[in-house]
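**Q** The sequence and its predicted three-dimensional model are supplied below.
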Amino acid sequence: MILFSTLSRYFGKRFLSAILGVFLTVFVLIFTIDLVELMRRAGEAEGATTLRLARLALFRTPAVAEQVLPFAILFAALATFLQLSRKLELVVARAAGVSAWQFSLPLIVIAALAGLFATMVYNPLATTLKDRANEQESVLFGRKGTGGSEKGVWFRQRSVDGEAIFRAASLDENTFSLKDVTAFVFHTDGTFLERIEAPMAVLTGNAWVFEKARVLSVGIEPQIVDRYLLATYLTPAELRGAVGQTQAVSFWSLPTVVRTLELAGLDATRYRLRYQSLLARPALLTAMVLIAASVSLRFMRSGGFAGMVLSGVAAGFLLYVATRIVEDLGQAVPHRHRHGVALLGLVEGDEADAFRQFGQHFSVGIGGGHAVALRVDRAHGAAMPSMPRPGPGRAPYATAPPVSRPCRQPLGLEP
């Protein structure tokens, strides 16, 4: 089977080593930049030693590096194909009867497996390390709250007490407390019940605990209570997801978060979209390999190679931007269209590779200043030599029809 042949294992090892090299290079670069920025911010912060800052930067780096994984696959595939083409190994494989699909298959399989690993293992690990980094950052830099903005934090919940709309100045993700919070509580039939104001509300168990709350009800004078409890279905992780970014929730936690947010009456569309985007990651990485193959299977001596590689990088960048745009659109994208961008990349890569396989000429350099052009026969896929063209300084040959018989043996070229 071609997937487990010696040639496939050789191509697979080259591609895997290129992925690790590109990804680790980007990882170290992100870590270095983040460490320099943290050291600049530290200043006179108490306890901000170099070791603690380095650990904080290390915990923050995986979440950022995850975003550049598609580009790591793209550049690794480009580097692999370019090296194989530069050493004429691809040309020899084609002359021996190995199609472009066959020597691209190991790279496609590795890209798909890398997508599954990144979704099921790397993403939860990066999310966990990011949470620990947020905790350490709060301790080092004295950050009081997160998730706030000029308009504050707004969210809605549904519980046994009815629906409630919360507005707070900020959310502290360490204690899961809301600062300067106001809650508008409604009956289960939708009529207004009361308004609760407090300097702090803490999520404990199955209820919000308002400290020194001021309760205003219809037809009743305002009351001041030391503690006021309001039931909720939200958990700390789901609260962070409700008011934070979707990247703060790991892959395995997303289904539970979606169910809980819907039970609490919150919009979970962007989390469902995030979940589907993670599921489509193997298809996205596979599309990156196909794009790289479509622009790098050309023989380097045929000219115009730099432009083809640049177009491949641009195509991969546009595909990545398209996926981000579709993900940011949120509820404007129907559920059935969420995998459309990755599938479109697969289709475009397949079409370009098919053109390379059945319609593109491959040039092979031969000693004596001559060159022979190999073309793939559309019906049988056999390597067919055409008339040679003269080398530099020689008179052109007379026009003659191409040789119609297939090569009896592969071209004897050494890498």
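**A** Arrived safely, thanks for sending. Numbers count the residues shown, from 1 in each chain.
**Q** buried stuff in whatever helix or strand S85 lives in?
**A** In this structure, S85 sits in helix 69-86 according to DSSP states H and E. Judged by neighbour count using 16 or more other C-beta atoms under 10 Å, the buried positions of helix 69-86 are 69-82, 84-85. No exception for glycine: its C-beta is placed from N, CA and C like everyone else's.
**Q** Stretch 10-27 too?
**A** Of all the residues in stretch 10-27, those buried under the rule 16+ other C-beta under 10 Å are 11-12, 14-16, 18-19, 22-23, 26-27.
**Q** Mind picking the two most distant members of those residues?
**A** Using C-beta to C-beta, the pair of the buried residues of stretch 10-27 lying farthest apart is F11 and F27, separated by 24.4 Å.
**Q** which one's the longest helix in this protein?
**A** helix 6-42 (DSSP state H).
**Q** and V92, how many neighbours does it have?
**A** 18 (other C-beta atoms under 10 Å).
**Q** centre of the chain versus the helix or strand hosting it, how much separation?
**A** Remark: V92 resides in helix 89-95, with elements defined by DSSP H and E. On the basis of C-alpha atoms, centre = their mean, to the nearest Å, helix 89-95 sits 33 Å off its chain's mean C-alpha point.
**Q** With stretch 50-58 instead?
**A** Centroid separation for stretch 50-58 versus its chain: 25 Å, with C-alpha atoms, centre = their mean.
**Q** Okay, buried residues for it please.
**A** 52-53, 56-57.
**Q** for the residues you listed, which one is nearest T188?
**A** L56 (45.7 Å).
**Q** Pull out the buried residues from stretch 92-101.
**A** 92-95, 98-100.
**Q** go on, stretch 121-134?
**A** 122-123, 126-127, 129-131, 133-134.
**Q** ok, G152 touching A169?
**A** Yes: between G152 and A169 there is a contact under C-beta atoms under 8 Å: 5.3 Å.
**Q** Residues that sit against both of those two, list them.
**A** Counting by C-beta atoms under 8 Å, 6 or more residues apart in numbering, no residue touches both G152 and A169.
**Q** Give me the domain ranges for this structure.
**A** Annotated domains of the chain cover 2-142+274-359, 153-243, 361-415 [automatic domain parsing].
**Q** any chance of those in TSV, with distance to R259 and mean pLDDT too?
**A** Listed next are the domains of the chain as TSV, based on distance: least, C-beta to C-beta, whole Å; pLDDT from 0 to 100:
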stretch	distance to R259	mean pLDDT
domain 2-142+274-359	11	81
domain 153-243	9	86
domain 361-415	52	42
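**Q** quick one: which of those domains is nearest L263?
**A** Distance to L263, taken as C-beta to C-beta, is lowest for domain 153-243 among these, at 5.3 Å.
**Q** Pull the distance from the closest one to the chain's centre.
**A** 36 Å.
**Q** And the residue nearest the centre of this protein?
**A** With distances taken as C-alpha atoms, centre = their mean, the residue of the chain nearest its centroid is Q67 (4.7 Å).
**Q** can you list contacts of the helix holding S85?
**A** Contacts of helix 69-86 (C-beta under 8 Å, 6+ apart): 11, 14-15, 18-19, 21-23, 26, 90-91, 107, 111, 114, 118, 284-285, 288-289, 291-293, 295-300, 309, 312-313, 316-317, 319-320.
**Q** quick one, it and helix 6-42 angle?
**A** On the basis of axes from the mean of the first three to the mean of the last three C-alpha atoms, to 10 degrees, helix 69-86 is oriented at 140 degrees to helix 6-42.
**Q** if we can go back for a sec, including distance to I196, could the buried residues of stretch 92-101 go into a markdown table?
**A** Listed next are those as a markdown table, based on distance: C-beta to C-beta, whole Å:
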| residue | distance to I196 |
| --- | --- |
| V92 | 76 |
| A93 | 72 |
| R94 | 73 |
| A95 | 78 |
| V98 | 71 |
| S99 | 69 |
| A100 | 66 |
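**Q** Which one of those residues is nearest to A63?
**A** A100 (36.2 Å).
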